[in-house]
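**Q** got a sequence here, can you build the structure:
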Amino acid sequence: MMAFLARHAQGALFAALLTSGLSLVGSLGNLYLTYRVGLATQDRQAQQDRIKQFEASTSQIIDASGDFIAALNSAKDLQPAKAKLRAAMAQQIYETEGLKNLVPGGYPRTLKDYENAVTDFNNISQALISPKDIAVWSERFGRVMDLKKLLVENLRSKLDFSATLRTAKFENCVVT
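**A** Residues are numbered from 1 along each chain as shown. Take a look at the predicted model:
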């Protein structure tokens, strides 16, 4: 019996070390994949939060526009209302610039269209002096609101698509 154990002890020790090494490699691979999935989840959540914040800033546009219309209708000094509207539009441009690198594959065309609409709306607002000219202003306001909604939907769909691609890559990944 001792001779049998002496002959096979080295092989058994080698097999035990080999399985321990394979187990260690598998555990490290699992740890790495868990880390990468965690990072991807955090990135996606941060991107979704930025889109929600951008969407919530719509209230600033509506509030500033309401003050502008109220000042225009009451024949008050338009400068404070114009300044508030100008600040809201500048904030929109700033937030839009922050969204440009949000989604993979470059920013959507609707982002540039939205920036142009905001700039155009601001220019019309700053030039408006009479309630008679409100038709062009209201048209530009509607365009800004429509493009903002379209942009948010576009960004969300691009994020959902990129998340689907990332999930597919992880599902097709084989750890050996």
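
**Q** may I ask which helix or strand encompasses the residue nearest in space to the middle of the chain?
**A** The chain has Q47 as the residue nearest its centroid, 3.3 Å off, counting by C-alpha atoms, centre = their mean. Assigned by DSSP states H and E, Q47 belongs to helix 2-56.

**Q** which strands and helices sit next to that helix?
**A** helix 79-99, helix 134-171 (3 or more C-beta pairs under 8 Å, 6 or more residues apart in numbering; DSSP states H and E). All C-beta atoms are positioned from the backbone trio N, CA, C, and that covers glycine.

**Q** list of residues touching the first one?
**A** Read it as helix 79-99. 50-51, 53-54, 57, 60-61, 63-65, 67-68, 70-72, 107, 111, 114-115, 118-119, 121-122, 125-126, 148, 155 (C-beta atoms under 8 Å, 6 or more residues apart in numbering).

**Q** and if you look at stretch 142-155?
**A** Contacts to stretch 142-155, defined as C-beta under 8 Å, 6+ apart, come from residues 51, 54-55, 58, 61, 92, 99, 102-103, 108, 110-111, 113-114, 117-118, 120-121.

**Q** circling back: would you convert the helices and strands packed on helix 2-56 into JSON lines that also reports distance to M2 and mean pLDDT?
**A** Converted to JSON lines, the helices and strands packed on helix 2-56 look like this (distance: least, C-beta to C-beta, whole Å; pLDDT from 0 to 100):
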{"stretch": "helix 79-99", "distance to M2": "75", "mean pLDDT": "93"}
{"stretch": "helix 134-171", "distance to M2": "52", "mean pLDDT": "79"}
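
**Q** and those: which comes nearest S27?
**A** helix 134-171 (17.9 Å; C-beta to C-beta).

**Q** in the closest one, what's buried?
**A** Of all the residues in helix 134-171, those buried under the rule 16 or more other C-beta atoms under 10 Å are 137, 140-141, 143-145, 147-148, 151-152, 154-156, 158-159, 162-163, 166.

**Q** skipping its backbone neighbours, what lies nearest F68 in space?
**A** Sequence neighbours aside, A81 is the residue nearest to F68 in space, at 4.3 Å (criterion: C-beta to C-beta, 6 or more residues apart in numbering).
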